[in-house]
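[1] Requesting a structural model of the entry that follows:
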Amino acid sequence: MTVKAWLAAAMLVAGGEMGAAAQLSPADLLIINARIKTMDAAAPTAEAVAVRAGRIIAVGSTASMAALQGPATRTVDANGHTLLPGFIDSHMHPRPAIDEMSPYGTLNMAAEGGARSRADFTAKLKAKASRLPAGSLIIGHGYGDDLIDGHPTRAELDAVVPDHPVIIVHSSGHRMVANSAAFAEAGISATTRDPVGGQLERDAQGGFTGRVLETAQSLFAGVRGTGPSPRAIPAAVEEAGFMQEFRSFLSYGITGVGDAGISPGKAALYRRLLAQGLPVSIFAMLSVDHLDWLLANRDKPEWQVPGLTMRTVKIYAGNSLSGHTALLYGPYADDPRYFGLEPKIQPAVLQGLVRKAQAGGLQVATHANGDKEIDRVLEAYALAARDVPRPDARLRIEHASITNPAIIARAKALNVCFAPHSYILNHGAKLDAYGTQRFDWIEPNRHALDAGVCIGGNSDHPVSPPVVLERIQSLVTRKASGNGRVYGASQRLTADEALRAFTMGSAYLQFEEAERGSITIGKRADFVLLAADPAAVSPEDISQISVLATYLAGKAMYELVDGKPRFAW
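    All right, here's what the predicted structure looks like:
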């Protein structure tokens, strides 16, 4: 049935013409007695929705759905629970979920993984080393310097694990620490120079501390260790790990993700997973290193895969907020001599890349955190709009963390969208390095909304957990769980505004606002059923709300049954 036919049928139901509606074929799914927040301004609330062939055919009262009930219709009584459009995480980095203690697994060194102190950090390293033969590579990810009393050093790692190469990545993903065995296998010596856009930190005597920043991390890309390695995962293990990763997303109510900065190889992996029934849609942002590949391949038949969108290129033109490498106009509060690191991509190169992508009809999503970085991106966007004008380029800045009034105004004038962080709950203490004078301009969600700048909700997983209700709580409270401090209270959103960011906001960033993001007739029937309305509970309890079910195209792909998760994929 066409969208026009769905619209006509649904208008009959909504208009109360029940006799005519009764002649229509029944719905496949009815959800009734729900507290529906549609995210559709034309009809913001309802109590029932009908679905046929994966599309919404009616939205209205429970009584109005009776004519669409048939013998094969599945009817779900929501019992007053809250139904929302499926959540869309517009910027993340999915990775295979593999047992962290297995040879192919990566240690979860975040607080959520149990590393809440230096003792926890050390214990996890020792436990992994005890399970592997000497020489095996150990990789960890997610440590928080604010939780484990600073950044570890090479010498400290050597003392804990001397017989394995060890690489532990910071929660930001923009810095790491490695031990002597990893430095040796990487071939790094006293004469090794810092790469452009990165740094091998040295002590006062010129020796390596083991701390590695930004592009210098690439020097360790060839480290494999001996035996099975997290960097040589068998294809079957990797695919099973991704399946588990996406099951966890379903349990959080996520129905679509934007993977920011992928390779053609990962795009091919997604194509295989979608062929195997992956229900979550993928909005793939190809790394700028693969710009030519994207331009040459995006329209080929073999890449016209339902559930996979490739129209966007991701450019790294900045550094890290929580990793304290973002380039600023003024000094960091904790070091008056430090302004951040110069990004690898310089303004002239950035401008050329943006112009090329714009000319090729691509959307550009550029990573920038510091105010100096963001201004460079906005200038590149302004030049591209002048030289290669397009009516709706919908250019994005990923994160846009440290701003000012001029940045917000120029973003609005250029119709630039933001995908801001939502991780103060997890990483708030890391913002202290920027000084209190900046807090009301960091993660500027309120400033952006008030100015009419489009924003999309995202976790930047694994930088922060992809638990959407946790992200909503962070946007609403801006309160750090570690120290209880509020960072930039003026930038708080209401619960409904935060929910809109993770639904219609993200859909808009992905050019999908006509397809998903609201419970509207004709759109995909992607829903999340919550045990409570996030706007009706204490802000600090939002993250505790249970996800009862996640529907994709009208099918329950995740349900919480008697307190236990049940997946249909």
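
[2] And the helices in the stretch 401-550 of the chain?
    For the stretch 401-550 of the chain, the helices defined by DSSP state H, counting those that start in this stretch cover 405-413, 424-427, 445-451, 468-477, 495-500, 506-509.

[3] Quick check: which of the ones you listed is nearest to Ile138?
    Closest approach to Ile138 among the helices of the stretch 401-550 of the chain (C-beta to C-beta): helix 424-427, 23.8 Å. No exception for glycine: its C-beta is placed from N, CA and C like everyone else's.

[4] re earlier: relative to Leu362, which of the helices of the stretch 401-550 of the chain is closest?
    Leu362 sits nearest to helix 506-509 of all the helices of the stretch 401-550 of the chain, at 14.2 Å, using C-beta to C-beta.

[5] How far does the closest one sit from its chain's centre?
    Centroid displacement of helix 506-509 relative to its chain, using C-alpha atoms, centre = their mean, to the nearest Å, is 13 Å.

[6] And the residue nearest to Pro465 when sequence neighbours are not counted, how far from Glu214?
    Nearest non-adjacent residue to Pro465, counting by C-beta to C-beta, 6 or more residues apart in numbering: Glu112, 5.7 Å away. Between Glu112 and Glu214 the computed distance is 25 Å (C-beta to C-beta, to the nearest Å).

[7] One more: Arg566?
    Distance of Arg566 to Glu214, computed by C-beta to C-beta: 43 Å.

[8] Specify which residue of the two has the higher count of neighbours.
    Between Arg566 and Glu214, counted using other C-beta atoms under 10 Å, the more crowded position is Glu214 (27 against 12).

[9] for that one, what are its contacts?
    His174, Arg175, Gly197, Gly198, Gln199, Asn319, Ser320, Thr325, Leu341, Pro343, Lys344 (C-beta atoms under 8 Å, 6 or more residues apart in numbering).

[10] Which parts of the stretch 201-350 of the chain are strands?
    Using DSSP state E, counting those that start in this stretch, the strands found in the stretch 201-350 of the chain span residues 208-214, 254-262, 281-287, 308-316.

[11] State the mean pLDDT of the first one.
    Put plainly, it is strand 208-214. Strand 208-214 carries an average pLDDT of 98.

[12] Now which of the contacts of Glu214 would you call buried?
    Buried by 16 or more other C-beta atoms under 10 Å: His174, Arg175, Gly197, Gly198, Gln199, Asn319, Ser320, Thr325, Leu341, Pro343, Lys344, out of these.

[13] Make CSV out of these and add pLDDT and distance to Thr312.
    What follows is the buried ones among the contacts of Glu214, written out as CSV (pLDDT from 0 to 100; distance: C-beta to C-beta, whole Å):
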residue, pLDDT, distance to Thr312
His174, 98, 21
Arg175, 98, 26
Gly197, 97, 22
Gly198, 98, 25
Gln199, 98, 29
Asn319, 98, 21
Ser320, 98, 21
Thr325, 98, 24
Leu341, 98, 26
Pro343, 98, 20
Lys344, 97, 20
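
[14] Just name the closest of these to Met504, please.
    Nearest to Met504 among the buried ones among the contacts of Glu214 is Ser320, at 28.6 Å by C-beta to C-beta.

[15] Report the central residue of the chain.
    For the chain, the residue sitting closest to the mean C-alpha position, by C-alpha atoms, centre = their mean, is Met92 at 2.7 Å.

[16] That residue contacts Ile262, doesn't it?
    No - contact criterion C-beta atoms under 8 Å: Met92 and Ile262 do not qualify, at 11.0 Å.

[17] and Ser320, how far is that from Val59?
    42 Å.

[18] What of Ala72?
    Using C-beta to C-beta, we find Ala72 at a distance of 21 Å from Val59.

[19] Check Val160 too.
    57 Å.

[20] again with Arg35
    On the measure of C-beta to C-beta, Arg35 and Val59 end up 13 Å apart.
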